[in-house]
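**Q** Got a predicted model here, sequence first, then my questions.
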Amino acid sequence: ADCNAAHTTASSQRAQRSAHGSTDHTHMLRQIVRRCSHLILPPVGCFEGVRVISHGHGKGLVTATAVNEGAVLFRWTGALITQNSGDRCLQIGQSCFMTPAADEDEPPWVFLNHSFAPNVRISHPRTNSKDAAPPVLTATALAALPVDSVLTINYTLHEYIMYGDGFVCAESGRPVRGFHFLSEAEQEEALPYAMHHIQMLHGQYLFGQHSRC
């Protein structure tokens with residue numbers, strides 16, 4: 001009887017260890033998936049992870065599923081132009097802007113809303129030539145985002161002087177006119193996060209100011 005009891009106890013312990021090991025293995029796999037999600041790159045021009053919605057201030061772009069911090073939301077390219085044409089283009093060089101290609105109407109990326117505390121970062125290779133091949137731009141989540149999160153970028157990190165008078169931020173009520181029009185304190189705070197062409201343009205402006213002194 002004692003032998004049978006000992007055998008039953010040993011079997012129970014092995015089953016518990018096996019179940020615990022299985023749980024640990026599942027947890028480890030989930031951790032790996034979360035940590036590596038930023039390495040999974042969607043095809044260029046694939047916007048399956050986001051969708052366009054209408055809201056009180058026009059249209060916006062939201063997550064179609066929950067995403068992890070660092071996840072690549074989408075990648076895109078388009079046509080290059082040398083003049084800012086308005087709210088359907090994004091500055092990507094000192095005198096270079098990306099706009100939808102001729103065969104596109106309004107791709108989802110044009111509905112990225114503005115925020116001074118954005119949840120998306122846009123990155124791309126340096127370019128400043130109208131003859132250069134259009135680069136691929138990448139939208140990356142700056143935080144873990146639940147489904148239906150409104151996706152925002154800080155346009156002042158990309159646009160030095162925005163088209164016309166810019167616009168008013170619906171979130172904060174502050175005018176958004178480009179990096180050039182931020183206060184000195186705001187420029188100093190934002191400069192490390194600004195795109196390379198913004199840093200270069202700001203440096204040129206400061207050099208010009210000092211040259212006239």
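**A** Nice, thanks for sending it over.
**Q** now the residue lying closest to His114 once chain neighbours are set aside: how far from Ala132?
**A** Closest residue to His114 apart from its sequence neighbours, by Cβ to Cβ, 6 or more residues apart in numbering: Tyr155 at 4.9 Å. From N, CA and C alone the C-beta is placed, and that goes for glycine too. Per Cβ to Cβ, to the nearest Å, Tyr155 is found 22 Å from Ala132.
**Q** again, but for Gln204
**A** From Gln204 over to Ala132 the distance is 20 Å, taken as Cβ to Cβ.
**Q** Also His57?
**A** Here His57 is placed at a distance of 34 Å from Ala132 (Cβ to Cβ).
**Q** before we move on, what about Gln83?
**A** Gln83 sits 16 Å away from Ala132, going by Cβ to Cβ.
**Q** With Phe179 instead?
**A** 22 Å.
**Q** likewise Gly78?
**A** Using Cβ to Cβ, one obtains 13 Å as the distance from Gly78 to Ala132.
**Q** what do you get for Leu157?
**A** To Ala132, Leu157 is 21 Å away according to Cβ to Cβ.
**Q** what do you get for Tyr160?
**A** In this view, Tyr160 and Ala132 are 19 Å apart by Cβ to Cβ.
**Q** could you point out which element follows the worst-scoring helix or strand of the chain on mean pLDDT?
**A** Lowest mean confidence among the helices and strands of the chain (mean pLDDT, DSSP states H and E): helix 2-36, at a mean of 59. Where DSSP states H and E defines the elements, the next helix or strand beyond helix 2-36 is strand 50-55.
**Q** helices or strands up against whichever helix or strand comes after that following strand?
**A** Downstream of strand 50-55, the next assigned helix or strand under DSSP H and E is strand 58-63. The contact analysis (3 or more Cβ pairs under 8 Å, 6 or more residues apart in numbering; DSSP states H and E) places strand 58-63 against strand 50-55.
**Q** for the strand it packs on, packing partners?
**A** In terms of contacts (3+ Cβ pairs under 8 Å, 6+ apart), strand 50-55 is packed against strand 58-63.
**Q** List the buried residues of the strand it packs on.
**A** Buried residues in strand 58-63, counted by 16 or more other Cβ atoms under 10 Å: Gly60, Leu61, Val62, Thr63.
**Q** check contacts around Leu112.
**A** Listed by Cβ atoms under 8 Å, 6 or more residues apart in numbering, the contact set of Leu112 reads Gly60, Leu61, Val120, Ile122, Ala139, Leu151, Thr152, Ile153.
**Q** of all those residues, which two lie farthest apart?
**A** Spatial extent of these (Cβ to Cβ) is set by the pair Gly60 and Ile122 at 15.7 Å.
**Q** And Tyr160 and Ala132? Which one has more around it.
**A** Neighbours around Tyr160 and Ala132, counted as other Cβ atoms under 10 Å, are more numerous at Tyr160. The numbers are 22 against 13.
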